[in-house]
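Asks: generate coordinates for the sequence data below:
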Amino acid sequence: MKTERNPVIFIPGIMGSIGNDIIPGTGKLGFGVAKIIYNPFIKDLERYGYVPAEDLYICFFYCR
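Replies: Below is the predicted model of the structure:
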């Protein structure tokens, strides 16, 4: 039985959204150099029962 909880929308901060749109050749959007900070945070949320694309959303961004 799944526990009802509020969804988490995670928007990474500075240097947390790197991809082809920002630096050509880097691939799809990801945490870039900030992954050392953000990956463990996301893994902790998953350990608490959050499921990506179900109640955990990572919203990468870029500025033009």
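Asks: mind jotting down where the helices sit in the protein?
Replies: For the chain, the helices defined by DSSP state H cover 35-47.
Asks: where in it is pLDDT low?
Replies: 1-3, 21-23, 25-27, 62-64 (pLDDT under 70).
Asks: centroid-nearest residue for it?
Replies: Ile58 (3.6 Å; CA atoms, centre = their mean).
Asks: what's that residue in contact with, if anything?
Replies: Phe10, Pro12, Ile42, Pro52 (CB atoms under 8 Å, 6 or more residues apart in numbering). From N, CA and C alone the C-beta is placed, and that goes for glycine too.
Asks: just among those residues, which is most surrounded?
Replies: Pro12 (22 neighbours; other CB atoms under 10 Å).
Asks: how about it: what's its closest non-neighbour residue?
Replies: Closest residue to Pro12 apart from its sequence neighbours, by CB to CB, 6 or more residues apart in numbering: Tyr38 at 5.6 Å.
Asks: likewise for Ile18?
Replies: Gly32 (2.8 Å).
Asks: before we move on, the earlier item: how close does the residue nearest to the centre of the chain get to Pro12?
Replies: Relative to Pro12, Ile58 is positioned 7 Å away (CB to CB, to the nearest Å).
Asks: same question, Gly32
Replies: Gly32 is 9 Å from Pro12, by CB to CB.
Asks: do Ile42 as well
Replies: 10 Å.
Asks: surely Pro52 touches Glu46?
Replies: Yes - at 7.4 Å, Pro52 counts as touching Glu46 under the criterion of CB atoms under 8 Å.
Asks: who's in contact with the residue nearest to Pro12?
Replies: With CB under 8 Å, 6+ apart, Tyr38 has these contacts: Phe10, Pro12, Gly16, Phe31.
Asks: turn those residues into a markdown table, including distance to Pro24.
Replies: Below are the contacts of Tyr38 laid out as a markdown table (distance: CB to CB, whole Å):
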| residue | distance to Pro24 |
| --- | --- |
| Phe10 | 25 |
| Pro12 | 20 |
| Gly16 | 19 |
| Phe31 | 18 |
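Asks: farthest pair in those residues?
Replies: Using CB to CB, the contacts of Tyr38 span at most 10.3 Å, a distance reached by Phe10 and Phe31.
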